[in-house]
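Engineer: Here's my sequence, what's the structure:
(2 chains)
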Amino acid sequence: MGYEAVKESFSGGVFPVRIGKEKEEVFGGENTLPFHKFEGEVPNRPLIAYEIQDVAPEEWPETVRTVYEGVSEDPVKWARHCEEELGARAIALRLVGTHPDGKDLTAEEAVKTVTSVLEAVKAPVIILGSNHVEKDSEVLPRVAEAAKGYNCVIGKAQEANYKTIAAAAMANDHKLIAMSELDINLSKQLNILLTQMGFAKEKLITDPMCSALGYGLEYTYSVMERIRLAALAQNDEVMQPPMLGDVGMYVWKIKEVQAPEEVLPEWGSVEERGILWEALTATSLMLAGAELLIMRHPKAVEMVEKFVDELI
Amino acid sequence: MALSGVEIFKLLPKTNCKKCGFPTCLAFAMKLAQRQATLDACPDVSEEAKKVLGEASAPPVRPITFGSGEKAVKMGEETVLFRHEKKFVNPNAFVLEIRDTEEDATVEAKIDAVLNSEINRVGQLLRIDGICITNESGDGGKLGAVAEKVATKAPEVPVIVNTESPEAAEAALKHFTGKGAILYGVTEGNAEKMAEVAKAHKATVGVKAEGLEALSALTEKVKGLGVEDMVIDGGARRAGEILEQNTLIRRAAIKKSFKALGYPVINFAQREDGMYEALVAGLGVCKYGSIVVVSSAEKWKNLALFTLRQNIYTDPQVPMQVEQKIYRIGEPTADSPLIITTNFSLTYFIVSGEIENAKVPAWLAVMDCEGLSVLTAWAAGKFTGAKIANFIKESGIEEEVSHRELIIPGYVAILSGTIEEKLEGWKVTVGPREANAIPNFLKQKVA
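Structural biologist: Have a look, this model is predicted:
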């Protein structure tokens, strides 16, 4: 019996999502499993956005904090640095300073930061809240309005606050990240709720919730694979938005990226360990279906881009 | 070709005797078709049926044992393409390459790196599983010398001998006779001679061809030479090719029961940049590689790759658990706070990580709830006031702390009363619902 390649083609596909104004980027759009160029169309490479914050990243571990020394006290400088020095294709601005347990910055202050960052860079901007359900529904509508015309991504809408955030994203013509917690059914339900209120499914990005390598990566990985199979094989339209891997935030808080070699000699150099941890988390999730990634360390981003070159 | 349940049923005795443990022969046949039962459970099956079914029910990816003794690695036997369908069976082996052109000191350092690579993570001992000795020099003598060094210094470590020369193969493999070594480098051109060398030393054969059509023809040829145990390589080196070949090999084996590709796959991930190489190796881990060869084994790289392998090969149906005990986070003293949670590994990791982020030393009581998370364990009656009280009493923590305050997860605030009732002299404090609120909670507590 001779060899015959078992190739698979699907009736469904992933929506391509186009973001940005002065400089546009597109991600998603494939009609096959991740990077399966041998049996389908993979028109766009995953988009990696550099994460910056509205406040100085005091909580970030040394490895990733020091690379932004001198620019990270000012979000505008930071954004420009990412675009001009590091060649960032997109910027993810996290308004972590608005969190009530932190600096509790007001919506007005957030609007100021967002507007100045948008004016400073050409690359598309992803605007993220502080992940505080109530505060996000206060801050994100205001910044979405201020960012009108920039074709941004706004995030994240969750079950508890999706209505106000989605309405603002819709009114101001932005794309929207819909986040649920590591469950394909919850993810589907949220996307359905959003489309029922009139939000176009083609403008959604599904965030099934990220986890770091060693800290539940296998859950995110499998939920992503299942969502992608639902999109392709079952042609389930609400599961066809591209997926987000919010990698940096989940990686750069675990023990493996912080414990010094002097304390745990069997783990080796903390700097290389941290960078690889972020890159490997990102590439694993890309293999499961993530098309939009938010990352922090320039060396990790560079390696992931190189890996994509080898895959595509 | 895989048989359907009905096709299998036709070959069974149709007596519905129930000796197999299933109510009817048809039910048994269905289980056989799904590979959830094995034919030996039926005592009355005919010889002819055994032959037909035996061939059809053999695992789609042939089981291979790499190495021997305690450090032997089982490979193959995979049954699915996606890990959510069913557990990936045998975790891949990581193998460090040593080239026979490398300096003695480098060779020694690499052998040491393998011997010292063991790391304990979540109760599992993980390590670089083997060494691949590559005949870069083309000189059999040099390969033999490295082989001897490896056999002497690391006699228990499984070995791949990588050469296309039968003479060099003999020079190296004689140091590993009967030790489950792999002779990689068997091609269309050298198959006969290499098969002889492999058979003489009871080695598994690693076949190498350009493309999957040539590879299938070659495995059939090698099988015809009397070698059954093989690992296969279709020549892919770039990441995109590795993904394509590994996927097509796994599909052919599982979806079509195509025997000629029903063997464990060996992937060569070596790159100049040792850190970047880990990403290519990670592709092998996620996507169907059984052996992943790397060129360096730095400790930080090992930790990341071992962790990825552990994650991907976790049983999706069985929650990962950590041991029930009182964990010390930081260096807690008698005054440090005491927090309780369940033993779902993810819960433990996240809670302990957030306590570390708080930089407030604490005692973390992790209670055995069969690997369920807090809310699930509470709903299932495994994380109850009475059980928590019992665990705290028996844990010995009363000897360690001077206070009597237990912090419980916010989601089970309802348990406060029962715990205080059953745990005399203790005060219960309700902590945050989500772990990410722990740092603030703890900082305020000790402020």
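
Engineer: low pLDDT regions in the stretch 151-300 of chain B?
Structural biologist: Along the stretch 151-300 of chain B, segments meeting pLDDT under 70 are nowhere present.

Engineer: So which residues of the stretch 301-447 of chain B form strands?
Structural biologist: Shown for the stretch 301-447 of chain B, the strands assigned by DSSP state E, counting those that start in this stretch span residues B:325-329, B:338-342, B:362-367, B:405-408, B:427-430.

Engineer: actually chain A, not the one I wrote
Structural biologist: According to DSSP state E, chain A carries its strands in the segments A:17-19, A:25-27, A:47-53, A:90-94, A:125-128, A:153-157, A:175-179, A:204-207, A:243-245, A:290-295.

Engineer: from the ones you listed, which stretch is densest packed?
Structural biologist: strand A:243-245 (a mean of 30; mean count of other C-beta atoms under 10 Å in any protein chain shown). Just so you know, the C-beta spots here come from the backbone N, C-alpha and C atoms, and that holds for glycine as well.

Engineer: and the residue most central in space within chain B, what does it touch?
Structural biologist: Here the mean C-alpha position of chain B is nearest to the C-alpha of B:Pro91 (C-alpha atoms, centre = their mean), at a distance of 2.7 Å. Taking C-beta atoms under 8 Å, 6 or more residues apart in numbering or on different chains, we find B:Pro91 in contact with B:309-310, B:313.

Engineer: would you turn these into JSON lines with neighbour count and distance to B:Leu115?
Structural biologist: Formatted as JSON lines, the entries for these read as follows, by neighbours: other C-beta atoms under 10 Å in any protein chain shown; distance: C-beta to C-beta, whole Å:
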{"residue": "B:Arg309", "neighbour count": "23", "distance to B:Leu115": "19"}
{"residue": "B:Gln310", "neighbour count": "20", "distance to B:Leu115": "21"}
{"residue": "B:Tyr313", "neighbour count": "16", "distance to B:Leu115": "23"}
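
Engineer: out of these, who's nearest B:Glu277?
Structural biologist: B:Arg309 (15.2 Å; C-beta to C-beta).

Engineer: and the residue in the stretch 51-200 of chain B that chain A sits nearest to, what does it touch?
Structural biologist: Ranked by C-beta to the nearest C-beta, the top residue of the stretch 51-200 of chain B for proximity to chain A is B:His84, at 4.2 Å. For B:His84, the contacting residues are A:222, A:225-226, B:316, taking C-beta under 8 Å, 6+ apart as the criterion.

Engineer: and the residue lying closest to it once chain neighbours are set aside, how many neighbours?
Structural biologist: Beyond its immediate neighbours in the sequence, the residue positioned closest to B:His84 (C-beta to C-beta, 6 or more residues apart in numbering or on different chains) is A:Ser222, lying 4.2 Å away. For A:Ser222, the count of nearby residues is 22 (other C-beta atoms under 10 Å in any protein chain shown).

Engineer: Would you agree A:Ser222 is in contact with B:Thr314?
Structural biologist: No. In this structure, A:Ser222 sits apart from B:Thr314 without contact. The criterion is C-beta atoms under 8 Å, and the distance is 9.6 Å.

Engineer: State the phi and psi torsions of the closest residue to chain A within chain B.
Structural biologist: Across chain B, no residue is closer to chain A than B:Lys299, which sits at 3.0 Å (C-beta to the nearest C-beta). Backbone torsions of B:Lys299, given as degrees, to the nearest 10, read phi -60, psi -40.

Engineer: How are the helices of the stretch 51-200 of chain A distributed by residue range?
Structural biologist: Using DSSP state H, counting those that start in this stretch, the helices assigned to the stretch 51-200 of chain A run over residues A:62-65, A:75-80, A:107-120, A:133-146, A:162-171, A:184-196.

Engineer: closest one to chain B among those helices?
Structural biologist: The closest approach between chain B and any of those, judged by C-beta to the nearest C-beta, belongs to helix A:184-196 at 9.2 Å.

Engineer: mean confidence for that closest one?
Structural biologist: Per-residue confidence for helix A:184-196 averages out to 97 on the pLDDT scale.

Engineer: which outside residues touch it?
Structural biologist: Judged by C-beta under 8 Å, 6+ apart, the contacts made with helix A:184-196 from elsewhere in the structure are A:157-159, A:162, A:166, A:176, A:178-180, A:201, A:204, A:206, A:208, A:223, A:226-227, A:230, A:236, A:238-239, A:241.

Engineer: which residues does the nearest residue to A:Val55 once chain neighbours are set aside contact?
Structural biologist: In space, and not counting its chain neighbours, A:Val55 is closest to A:Gly97: 3.7 Å by C-beta to C-beta, 6+ apart. Contacts were defined as C-beta under 8 Å, 6+ apart; by that measure A:Gly97 touches A:53-55, A:103, A:105, A:109-110, A:130.

Engineer: Would you list the phi and psi of the closest residue to B:Arg237 other than its chain neighbours?
Structural biologist: Across the structure, with C-beta to C-beta, 6+ apart as the measure, the residue nearest B:Arg237 apart from its sequence neighbours is B:Phe268 (6.2 Å). For B:Phe268, the backbone dihedrals (degrees, to the nearest 10) come out as phi -100, psi 110.

Engineer: who does B:Phe268 bridge with?
Structural biologist: Using DSSP bridges, the bridge partners assigned to B:Phe268 are B:Val293.

Engineer: Pull the number of nearby residues for it.
Structural biologist: When counting by other C-beta under 10 Å, one arrives at 26 neighbours for B:Phe268.

Engineer: which ones are touching the residue of the stretch 151-300 of chain A found nearest chain B?
Structural biologist: Sorted by distance to chain B under C-beta to the nearest C-beta, the residues of the stretch 151-300 of chain A start with A:Gly268, at 3.0 Å. The neighbourhood of A:Gly268, defined by C-beta under 8 Å, 6+ apart, consists of A:261, B:298-303.

Engineer: before we move on, what about A:Glu225?
Structural biologist: A:288-289, B:82-84.

Engineer: now do 7 Å
Structural biologist: Going by C-beta atoms under 7 Å, 6 or more residues apart in numbering or on different chains, A:Glu225 touches A:288-289, B:82, B:84.

Engineer: A:Lys255 too?
Structural biologist: So A:Lys255 contacts B:353, B:356 (C-beta under 7 Å, 6+ apart).

Engineer: Tell me the residues of the stretch 151-300 of chain A that contact chain B?
Structural biologist: Residues of the stretch 151-300 of chain A lying near chain B by C-beta under 7 Å from any C-beta of the partner chain: A:213-218, A:222, A:225-226, A:253-256, A:266-269, A:272-273, A:276-277, A:279-280, A:283-284, A:287.
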